[in-house]
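Visitor: Fold the following and give me the result.
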Amino acid sequence: MGRRTPIRFAVKPESEMEAVAYVRERGFEPSEIERDEHGFVYLVFSPLPDSQCRTLAQALPIHLSAKIGFAMNGAPPFTTPDQNDR
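Guide: Below is the predicted model of the structure:
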């Protein structure tokens, strides 16, 4: 199985060229680059099979991400409901 929708990764505008180079060095090419009204830049990747999604996730330059969040007072991120009952 795989994703049916494109994958978007937001980077700071000043980091766009560095982020594109970073993913290219790891074998991925954005299918397009989008910009929104808030100035964010999104690297857009075509839908991928699950195995490649995992590889892409490891290839993304997290240190250049425009969106950093913190999980508080709840389940850790990326868990399924049955894992939260332990």
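Visitor: Next, count neighbours for T5.
Guide: Counted with other C-beta atoms under 10 Å, the neighbours of T5 add up to 7. C-beta coordinates here come from the backbone N, C-alpha and C atoms, glycine included.
Visitor: On the three-state scheme, it is what?
Guide: coil (DSSP: H, G, I helix; E, B strand; the rest coil).
Visitor: tell me the strands in the chain, going along the chain?
Guide: According to DSSP state E, the chain carries its strands in the segments 7-11, 32-35, 41-45.
Visitor: closest to A19 out of these?
Guide: Among the strands of the chain, the nearest to A19 by C-beta to C-beta is strand 7-11 (4.4 Å).
Visitor: Quick check: buried residues in that closest one?
Guide: 7, 9-11 (16 or more other C-beta atoms under 10 Å).
Visitor: what about this structure, any weak spots by pLDDT?
Guide: Low-confidence regions of the chain, defined by pLDDT under 70, span residues 1-3, 68-86.
Visitor: coming back round to it: TSV please, covering the buried residues of strand 7-11 and showing distance to G27.
Guide: TSV is the format used below for the buried residues of strand 7-11 (distance: C-beta to C-beta, whole Å):
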residue	distance to G27
I7	15
F9	15
A10	21
V11	18
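Visitor: I'd like to know which of these is nearest to A66.
Guide: A10 (4.2 Å).
Visitor: residue contacts, the closest one?
Guide: Applying C-beta atoms under 8 Å, 6 or more residues apart in numbering to A10 gives the contacts 40-42, 65-67.
Visitor: same thing with L43?
Guide: 8-9, 11, 19-20, 23, 30, 33.
Visitor: who's in contact with A66?
Guide: 10-12, 15, 40-41.
Visitor: One more pass at 7 Å, please.
Guide: Going by C-beta atoms under 7 Å, 6 or more residues apart in numbering, A66 touches 10-12, 40.
Visitor: for V20, same thing?
Guide: Per C-beta under 7 Å, 6+ apart, neighbours of V20: 30, 43.
Visitor: mind checking how far it is from V41?
Guide: As for V20, its distance to V41 is 9 Å (criterion: C-beta to C-beta, to the nearest Å).
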